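> Predicted model and sequence follow; I will ask about them next.
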Amino acid sequence: MQKLTPHAMVDEEASLAARAAWLYFSGGLKQGEVAERLGVPGTKAHRLIARATRDGFVRVFVDGPVAECVRLEQDLSQRFGLATCRVVPDLGEPGLPLKALGLAGAAYLRQVLEGDSHACIGIGHGRTIAAAVNEMPRVNAPGTTIVSLLGGLTRKFAANPFDVIHRLAEKTNSAAYLLPVPLYANTAADKEVLMAQMGVAKVREMWGRATLLLAGIGAVGARAHLSEVGSVTEAEMDELHARGAVGEILGHYFDADGARVPSSLDGRVMAPPVEELQNRMLVALAGGRDKAAAMSAVLKSGLLKGAITDEATARRLVDEMGAP
């Protein structure tokens, strides 16, 4: 993979070739559709894809630089102090850009696992994490341990954390540990009882050993994922909205300024507490028009050390930041 320093000059033609290849090979667009998307003649789209292949941009994933995305990565990294940031080209998907985010998350996980730099990795759940695992190739990482970062027991099997962790373990030949509890206990007392159970207590201890935490970001409202799967009730979501909550990560809610929002859910969440997330390598995989405000809130909280998002969302975040 070609690596760029923060101030590297990006060849605009190479950037266009990488974008064309990403749309063609990863996005599944035809050459005529690539040409239309990029605003170039069909013959040039063909030449760009051929150049990307010739120059080694195309492997399992497209690794070539995309100038616009690189600039957005730099802006977000500098403003929010991110150690890693990946912005992937927009595929023009309606609603949640699961294809683009899934490919980006899979590429990141593959690189991490092949680099063998994290013996224990904590994984959240949700649609973007599930999409990333679906796009993952098989990577042999028997020395890696995967641990679930929060309870689930959702009604929607496609984003069920147990299914996601199981598939990830199958694809990587790694050991996996699940958290067989709901995301929120009925009461704080119930949480303490559940957390004290033998298997659950072991997973809780492993949270502290994870050197990489990968999680999605949730919005607030009736259409929020946690509301749709029944993890958060309508009354609880109304309470969060009334208190100014905008975004969520690992069951914790934040307002538009990045401040933690207290609610009746405090003390009941079956996930690492906010205090244990500070100064950790916490990377968020999120994007889409409905998630821009939520992602901004979590970024402003200062918890994130990394972010993976799509180009359209990154541009909204950068535009919102304005001049430094």
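Perfect, thanks for sending it. These figures come from a predicted structure and were not determined experimentally.

> ok, residue 243 - contacts?
By CB atoms under 8 Å, 6 or more residues apart in numbering, the contact list for residue 243 reads 255, 261-263. (Glycine included, C-beta is placed from N, CA and C.)

> Apply 10 Å and report the result again.
220, 253, 255, 261-264 (CB atoms under 10 Å, 6 or more residues apart in numbering).

> Now flag whichever of those is closest to residue 177.
Proximity of those to residue 177 (CB to CB) peaks at residue 253, which lies at 25.9 Å.

> Any chance of the backbone angles for residue 144?
Main-chain torsions, residue 144, degrees, to the nearest 10: phi -100, psi 140.

> And for it, nearest residue in space, chain neighbours not counted?
residue 174 (4.3 Å; CB to CB, 6 or more residues apart in numbering).

> so what's the backbone phi/psi at the one you found?
Dihedral angles (degrees, to the nearest 10) for residue 174: phi -110, psi 160.

> on that earlier part again, tell me which two of the contacts of residue 243 sit farthest apart.
Going by CB to CB, the pair spanning the contacts of residue 243 furthest: 255 and 264, at 16.3 Å.

> Comparing the two, which shows the higher neighbour count?
residue 255 (18 against 13; other CB atoms under 10 Å).

> mind checking the SS state of the nearest residue to residue 218 once chain neighbours are set aside?
Excluding the flanking residues, the one nearest residue 218 by CB to CB, 6+ apart is residue 248, at 3.9 Å. Using DSSP: H, G, I helix; E, B strand; the rest coil, the structure places residue 248 in strand.

> Which strand residues bridge residue 248?
Counting by DSSP bridges, residue 248 forms beta bridges with residue 218, residue 253.

> One more: residue 306?
residue 84, residue 283.

> again, but for the one 4 residues further on
With DSSP bridges as the criterion, the beta-bridge partners of residue 310 are residue 88.

> If you rank every helix and strand of this structure by mean pLDDT, what lands last?
Lowest by mean pLDDT, DSSP states H and E among the helices and strands of the chain is helix 225-228, with a mean of 80.

> Mind listing what's buried along that helix?
Within helix 225-228, the residues that qualify as buried are 225-227, counting by 16 or more other CB atoms under 10 Å.

> Okay, strands next: where are they in the stretch 1-150 of the chain?
For the stretch 1-150 of the chain, applying DSSP state E, counting those that start in this stretch gives strands covering 84-88, 120-123, 145-148.
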